[in-house]
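> Coordinates for the following, if possible.
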Amino acid sequence: MSLQQFCQRPVVTVSPEMSIVEACHLMWEKNVGCVVAVEARKPCGMLTDRDAALKVVRERKDPQQTQVREIMTANPACIKVDKTLHELTTLMRQHHVRRVPIVDGDEKVMGMVTLDDIVMLLGEEMSDLGQGISGAVVRPETPVEEGFPVYEWELYH
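Got it, this is the predicted structure:
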């Protein structure tokens with residue numbers, strides 16, 4: 001399964017020189033919890049709403065004067081779009097991350113995949129599998145004489 005399916009939504013990006021206040025306003029406006037800091041369309045960092053809240057407050061920084069570069073996670077783990085879902089989950093586990101930018105062959109940001117995206121995808125897959133199993137096991141009743149129902153599978157066993 002290609003990671004291309006996770007590149008349908010636009011990725012919210014910021015400049016590393018942007019202030020934390022501007023980045024937080026953008027996250028609020030776009031209803032996202034994470035932005036990718038880019039230089040020349042290539043990811044150089046990740047900033048989450050949690051980073052902004054905790055690091056700025058903990059270090060008593062002025063959010064108007066603090067740049068994204070100062071608190072972002074630099075050099076984020078990225079994955080190329082032609083990699084598999086298994087390679088993605090391995091990368092996430094190895095790096096202990098929940099969000100991974102997807103890049104093209106030139107390392108430019110194409111998309112973003114989150115742990116929530118993977119959980120939703122697996123939920124859909126499990127539902128499809130369950131419906132397939134259910135359809136194979138549960139068969140409609142076949143009426144027989146004297147009002148005793150016989151299930152279709154009993155006719156063949």
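> What separation is there between residue 130 and residue 85?
Remark: distance between residue 130 and residue 85 (Cβ to Cβ, to the nearest Å) = 20 Å. C-beta coordinates here come from the backbone N, C-alpha and C atoms, glycine included.
> who's in contact with residue 87?
Neighbouring residues of residue 87 by Cβ atoms under 8 Å, 6 or more residues apart in numbering: residue 79.
> Could you list the buried residues of the helix or strand containing it?
In the assignment (DSSP states H and E), residue 87 maps to helix 85-95. For helix 85-95, a neighbour-count test (16 or more other Cβ atoms under 10 Å) marks 85, 88, 92 as buried.
> Skip ahead from it and say which helix or strand is next.
strand 99-103.
> quick one, strands of this protein?
13-14, 34-39, 42-48, 73-74, 79-80, 99-103, 109-114, 141-142, 150-151 (DSSP state E).
> right, and those - which one's nearest residue 3?
Nearest to residue 3, of all the strands of the chain, is strand 99-103, at 5.3 Å by Cβ to Cβ.
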